[in-house]
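Undergrad: Quick one, fold the following:
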Amino acid sequence: MIYKPATVTPQGFAKSDMNAVHNRPPVAQLFLVNNSSEKFTMVVNHFKSKSCTGATGLNVDQLDGQGCFNNSRKLQATALLSFTEMLQTQSSDPDIIMVGDFNAYEEEDPIDIFRSAGLINAIPGAYSYVFDGQTGALDYAFTTPSFFAKITGADKWHINADEPILKDYNQEFNPAYVFSPDAFRSSDHDPVLVGFVIGNVRPSVSISNPVNNSSFDAGRPITLTATAADTDGTITKVEFYSADVRLLVDSTAPFSYTNSGVEPGNYAVTAKAFDNVGDSAVSDTVHITVVACQGTGSISAEGYTNIPGSQVADLTNHPSYPNSPSVTASLNLFEYGTELGDNYGARVRGYICAPQTGDYIFYIAGDDQAGLWLSTDDNPANKVLIAYAETAVKPRAWFTYPSQKSSSIRLLKGARYYIETLHKEAFSADHVAIGWILPDGFFEAPIPGTRLSPYTNALISGARSASGDFKKQMELKNVDPDKINTLKVHASPNPSQNYFTLLTSSEKDQPLSITLSDAMGRIVERKLRVSANGSIKVGDKLPAGIYFVEVIQDGQKKRLKLVKR
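TA: Model (predicted):
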């Protein structure tokens, strides 16, 4: 037997039946198919020839057309069946193929014995030998039914029987010049060719994206795409793995897996494909590096001067916002103040790098009003308001109002998130600060520059660079508030045990609206259409406590703190 070790592997030693009936004992070998767990046994035979030399008794030509030694060939056929049954028992596998020169034509007794036992002739009706000008079949491939179902094709290769003896490989009686070293007349019998698939052919699979040694920023989507095929069936699913951890099962082509929550590190990923009979194959390993975001030490700040009012809406509704800031600078802490000026607004924006994976809580403190927005990634379009200071609080007074605290927000280690603060200042004290509680419970307040980087994403319209000192530049840009706000408000007495008298004056004739709020921001008294120049009594029915009065005239606002004893 000659075999290809890349295709099959012998299992154990070859076997031979030493029954005396075999003048040329059959040789058998159990093979394992390399691309599956299937086995089969091949048996090579050469039965007794029809030559009558030495024939006696029942082996003498019985004149029935089967020639001499037909009885021996029948005994060999019966012994061969016993031998193959033993091989099936030893291998626990029913697949047998018997090949060779059986020296019996298709309608002779030995062949009938095979057929009666359930063996199948893979190539019926095809000759393989010519004797005295007459053709017939002496060479066969007989299989068990289980093996026959796996045959993909069978034929006899007519390269010998039809060729003249003059071209024979045996040159004993032939002139040497006639012989050619090719396939023709390499024997006096034609070879039998049988193609078959034993068991299932394993599927093939490879990761088509990303390429090996690709690099990604933490938080960016990583998509694994696998290409899988099965030559003798269908692909039922593909599993994606990182090391030994299964990430996802996809049962529909194109097979892919996407994840945006991959922490920084080096990863080895594979894909495993399964076919319709449960066989599988694993792709080559693809190595991926996920890189952590690094803070650069600062965050961008933009100041908008000469804008009256104390509400963030006064800033966002002003024509100079957002594209015409008076100042662009940088902050090395997520904080600024105090006394940058009056009647200004500011936007602080950039990116924050999460040092841990887990739940974060953000805090904001500001005067007069400030809000904090955070994106789900580094795209400003995905930002949402997470915390705000509706009214003024003291510097770094994180816990004055519930609204200053965000809900718990899940962030990924090493990922970059867009963050933005809007602040509006009218008069007096001014400041903004942002802090956060990390998943391990540590409170960073304000957030240091090591976690921050400026807003410099060139892919997003309106990106600006930041440089210089924000406080100094704002002080230079701000002007005397009286030049833009003619409204003046004074409270007397303050503190007071009874009531407050508000003295108001303005160069404008428009009436005033007066709103009095408690320390929790709740409105406790309101007066509308009050004369612009004069006095008005407020707070006489209020209990002791701290209050804030806001006087508004034609978009101009004044805000005072009142103390009732």
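
Undergrad: Centre of the chain to the least confident helix or strand in the chain by mean pLDDT, how far?
TA: Sorting the helices and strands of the chain by mean pLDDT, DSSP states H and E puts helix 470-477 at the bottom, at a mean of 82. Computed by Cα atoms, centre = their mean, to the nearest Å, the separation of helix 470-477 from the middle of its chain amounts to 48 Å.

Undergrad: That helix: which residues count as buried?
TA: Within helix 470-477, the residues that qualify as buried are 470, 471, 473, 474, 477, counting by 16 or more other Cβ atoms under 10 Å. To be clear about C-beta, it is placed using only N, CA and C from the backbone, and glycine gets the same treatment.

Undergrad: Need these in a markdown table (columns: distance to residue 421).
TA: As requested, these are arranged in a markdown table below (distance: Cβ to Cβ, whole Å):
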| residue | distance to residue 421 |
| --- | --- |
| 470 | 12 |
| 471 | 16 |
| 473 | 17 |
| 474 | 15 |
| 477 | 19 |
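
Undergrad: For the one helix or strand residue 290 maps to, buried residues please.
TA: Taking DSSP states H and E as the definition, residue 290 sits inside strand 286-291. Neighbour-count burial for strand 286-291, with 16+ other Cβ under 10 Å as criterion, is recorded at 286, 288, 290.

Undergrad: and the least confident helix or strand of the chain, what does it pack onto?
TA: strand 299-304, strand 327-331, strand 335-337 (3 or more Cβ pairs under 8 Å, 6 or more residues apart in numbering; DSSP states H and E).

Undergrad: Go again with 10 Å.
TA: Contact here means 3 or more Cβ pairs under 10 Å, 6 or more residues apart in numbering; DSSP states H and E; on that basis helix 470-477 packs against strand 299-304, strand 327-331, strand 335-337, strand 344-353.

Undergrad: Send me the helix or strand following the first one as PDB with only the CA atoms.
TA: Downstream of strand 299-304, the first helix or strand assigned by DSSP H and E is helix 312-316. Listed next in PDB are the C-alpha coordinates belonging to helix 312-316 (Å, rounded to 0.1, in the frame of the first residue of the first chain):
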ATOM      1  CA  VAL A 312     -26.800  80.100  31.300                       C
ATOM      2  CA  ALA A 313     -29.500  80.800  28.800                       C
ATOM      3  CA  ASP A 314     -28.300  84.400  28.700                       C
ATOM      4  CA  LEU A 315     -25.000  83.100  27.400                       C
ATOM      5  CA  THR A 316     -26.300  80.600  24.900                       C
END
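
Undergrad: Can you tell me which helices and strands helix 312-316 packs against?
TA: Against helix 312-316 (3+ Cβ pairs under 10 Å, 6+ apart) you get strand 299-304, strand 344-353, strand 369-375, strand 416-425.

Undergrad: Point out the other helices and strands that the last one packs with.
TA: The criterion is 3+ Cβ pairs under 10 Å, 6+ apart, and the helices and strands that strand 416-425 contacts are strand 299-304, helix 312-316, strand 335-337, strand 344-353, strand 358-367, strand 369-375, strand 383-389, strand 431-437.

Undergrad: Kindly reformat those as a markdown table containing mean neighbour count, mean pLDDT and distance to residue 3.
TA: A markdown table is the format used below for those (neighbours: other Cβ atoms under 10 Å; pLDDT from 0 to 100; distance: least, Cβ to Cβ, whole Å):
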| stretch | mean neighbour count | mean pLDDT | distance to residue 3 |
| --- | --- | --- | --- |
| strand 299-304 | 26 | 94 | 72 |
| helix 312-316 | 19 | 96 | 81 |
| strand 335-337 | 21 | 91 | 79 |
| strand 344-353 | 25 | 96 | 61 |
| strand 358-367 | 22 | 97 | 60 |
| strand 369-375 | 22 | 97 | 64 |
| strand 383-389 | 18 | 97 | 68 |
| strand 431-437 | 23 | 97 | 70 |
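
Undergrad: nearest to residue 23, of those?
TA: Minimum separation from residue 23 across these (Cβ to Cβ) falls at strand 358-367, 83.2 Å.

Undergrad: for that closest one, the distance to its chain's centre please.
TA: Centroid separation for strand 358-367 versus its chain: 32 Å, with Cα atoms, centre = their mean.

Undergrad: As CSV, could you dump the C-alpha coordinates of the longest helix belonging to the chain?
TA: For the chain, the helix that runs over the most residues, judged by DSSP state H, is helix 70-91. Extracted C-alpha coordinates of helix 70-91, given in CSV (Å, rounded to 0.1, in the frame of the first residue of the first chain):
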residue,chain,number,x,y,z
ASN,A,70,-12.7,-21.8,-8.8
ASN,A,71,-13.2,-23.8,-5.6
SER,A,72,-10.2,-22.3,-4.1
ARG,A,73,-11.4,-18.8,-5.0
LYS,A,74,-14.7,-19.5,-3.4
LEU,A,75,-13.0,-20.6,-0.2
GLN,A,76,-10.8,-17.5,-0.4
ALA,A,77,-13.9,-15.3,-0.7
THR,A,78,-15.5,-16.9,2.3
ALA,A,79,-12.3,-16.6,4.4
LEU,A,80,-12.0,-13.0,3.3
LEU,A,81,-15.5,-12.2,4.7
SER,A,82,-14.5,-13.7,8.0
PHE,A,83,-11.3,-11.7,8.0
THR,A,84,-13.2,-8.4,7.3
GLU,A,85,-15.7,-9.1,10.1
MET,A,86,-12.8,-9.5,12.5
LEU,A,87,-11.3,-6.2,11.3
GLN,A,88,-14.6,-4.4,11.8
THR,A,89,-14.8,-5.8,15.4
GLN,A,90,-11.3,-4.7,16.2
SER,A,91,-11.6,-1.2,14.8
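
Undergrad: and that helix, what other elements does it pack with?
TA: Using 3+ Cβ pairs under 10 Å, 6+ apart: helix 70-91 touches strand 15-16, strand 27-33, strand 39-46, strand 96-101, helix 109-116, strand 139-143.

Undergrad: related to what we said a few turns ago, now the angle from the least confident helix or strand of the chain to strand 416-425?
TA: On the basis of axes from the mean of the first three to the mean of the last three Cα atoms, to 10 degrees, helix 470-477 is oriented at 40 degrees to strand 416-425.

Undergrad: how about the nearest residue to residue 214, chain neighbours excluded?
TA: Of all residues not flanking residue 214 in the chain, residue 288 sits nearest, at 5.5 Å (Cβ to Cβ, 6 or more residues apart in numbering).
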